[in-house]
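> Dropping a prediction and its sequence here:
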Amino acid sequence: MSLRFWNTMTKRLEDFQPLEPGRVGLYTCGPTVYDFAHLGNFRAYIFEDLLRRYLEYSGFQVTQVMNITDIDDKTIRRSNEEGLSLTDYTRRYENAFYEDRDILRIKPAAFYPRATDHIPEMVELIRRLEAGGFAYRKDGSIYFSIEKFPGYGRLAGIEADALKAGVRIDSDEYEKEDVRDFVLWKESKAGEPVYETPLGPGRPGWHLECSAMSMKYLGETFDIHCGGVDLIFPHHENEIAQSEGATGHPFAKYWMHNGHINVDNRKMSKSLGNFFTVREIAAEYDLEAVRMFMLSAQYRSPINFSRDLIEQAKASLERLY
């Protein structure tokens, strides 16, 4: 019986055929280390852990890469508020993420590349995009021109008439209706880290980081790219555009996205204040039962958090034992 995955790109179930027999390159979007990760974040990491474990159980040798976003709008803002260097601030939450990962029995990835350690790779990627006519400079920053990439919108199902070519957006995160040229390299600003590079002084945009790091460790085309459904647009859409624009090759063969954890049918998120950290839940529950709860629904479906459901997961776990 063949292994089949739902591919977000093609919107259908497909037989899994790795690029190289017996080996799988797996890229999983990791934490932005500006605060403690919450249970909603860890649903993705637990789903990806289950996927990896099953691939290995099926006989594949899996190379998993999970990035650490330690430079973006959020990390810079929070580190400035606390008066700490970006490195000192983000290492605190990076280490907390590893502790929570181990508590939840998630197998460590082969690589955890930090964005700040891969500035040269990002610079090189932008230079390739400029050489290919996909990037342009404006007011000290460098942007990706979405009109130069005909396939833009395939992953998210965005129609061509929604595109706003030539209208720029600088924020790292934005809503689906903001379909605009996105920033690759940000001009230097007071209070922000500045890297002196052949592109000029500045820092990378968030979307650029994953493309540079995934391709360094897994190659220009790899097997599976995972993340939460909220990353489909704009993050993963932009990754595809800048990666394929630079290389001329397909970026990832299979795209797999997990659903949210909801609280009272609303997405668990820091912005809504309806979240629980792993540490908070650990004070009340056996985290193996929490892991069981998060695996109790099909991974693409949302799951509603409740203490009753965790108790049911605990009972299910005890029956299994």
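Yep, that arrived.
> show me where this protein has helices.
Here the chain has its helices, by DSSP state H, at 39-57, 73-82, 86-103, 119-131, 206-218, 237-247, 278-282, 287-294, 307-320.
> Run through the stretch 151-300 of the chain and note the low-pLDDT ranges.
The stretch 151-300 of the chain contains residues with pLDDT under 70 at 175-177.
> Ok, which of the helices of the chain comes nearest residue 195?
Across the helices of the chain, residue 195 has its closest neighbour in helix 119-131 (5.2 Å, C-beta to C-beta). C-beta coordinates here come from the backbone N, C-alpha and C atoms, glycine included.
> Take the helices of the chain and lay them out in a markdown table including distance to residue 271.
Output for the helices of the chain, formatted as a markdown table (distance: least, C-beta to C-beta, whole Å):
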| stretch | distance to residue 271 |
| --- | --- |
| helix 39-57 | 11 |
| helix 73-82 | 11 |
| helix 86-103 | 17 |
| helix 119-131 | 27 |
| helix 206-218 | 16 |
| helix 237-247 | 21 |
| helix 278-282 | 18 |
| helix 287-294 | 21 |
| helix 307-320 | 23 |
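> can I get those helices in JSON lines with mean neighbour count?
Formatted as JSON lines, those follow (neighbours: other C-beta atoms under 10 Å):
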{"stretch": "helix 39-57", "mean neighbour count": "20"}
{"stretch": "helix 73-82", "mean neighbour count": "16"}
{"stretch": "helix 86-103", "mean neighbour count": "17"}
{"stretch": "helix 119-131", "mean neighbour count": "19"}
{"stretch": "helix 206-218", "mean neighbour count": "24"}
{"stretch": "helix 237-247", "mean neighbour count": "23"}
{"stretch": "helix 278-282", "mean neighbour count": "17"}
{"stretch": "helix 287-294", "mean neighbour count": "21"}
{"stretch": "helix 307-320", "mean neighbour count": "13"}
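> right, and the ones you listed - which one's nearest residue 224?
Of the helices of the chain, nearest to residue 224 by C-beta to C-beta is helix 39-57, at 7.7 Å.
> export the closest one as PDB, just CAs?
The C-alpha trace of helix 39-57 is given here as PDB (Å, rounded to 0.1, in the frame of the first residue of the first chain):
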ATOM      1  CA  LEU A  39       0.000  25.100  22.300                       C
ATOM      2  CA  GLY A  40      -1.200  26.300  19.000                       C
ATOM      3  CA  ASN A  41       2.400  26.600  17.800                       C
ATOM      4  CA  PHE A  42       3.100  23.100  19.100                       C
ATOM      5  CA  ARG A  43       0.300  21.500  17.200                       C
ATOM      6  CA  ALA A  44       2.400  22.000  14.100                       C
ATOM      7  CA  TYR A  45       5.500  20.600  15.700                       C
ATOM      8  CA  ILE A  46       3.700  17.600  17.000                       C
ATOM      9  CA  PHE A  47       2.100  16.900  13.700                       C
ATOM     10  CA  GLU A  48       5.500  17.200  12.000                       C
ATOM     11  CA  ASP A  49       7.000  14.900  14.600                       C
ATOM     12  CA  LEU A  50       4.400  12.300  13.800                       C
ATOM     13  CA  LEU A  51       5.000  12.600  10.100                       C
ATOM     14  CA  ARG A  52       8.700  12.200  10.500                       C
ATOM     15  CA  ARG A  53       8.300   9.200  12.800                       C
ATOM     16  CA  TYR A  54       6.000   7.500  10.300                       C
ATOM     17  CA  LEU A  55       8.300   8.200   7.400                       C
ATOM     18  CA  GLU A  56      11.200   6.700   9.400                       C
ATOM     19  CA  TYR A  57       8.900   3.700  10.500                       C
END
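> Thank you, goodbye.
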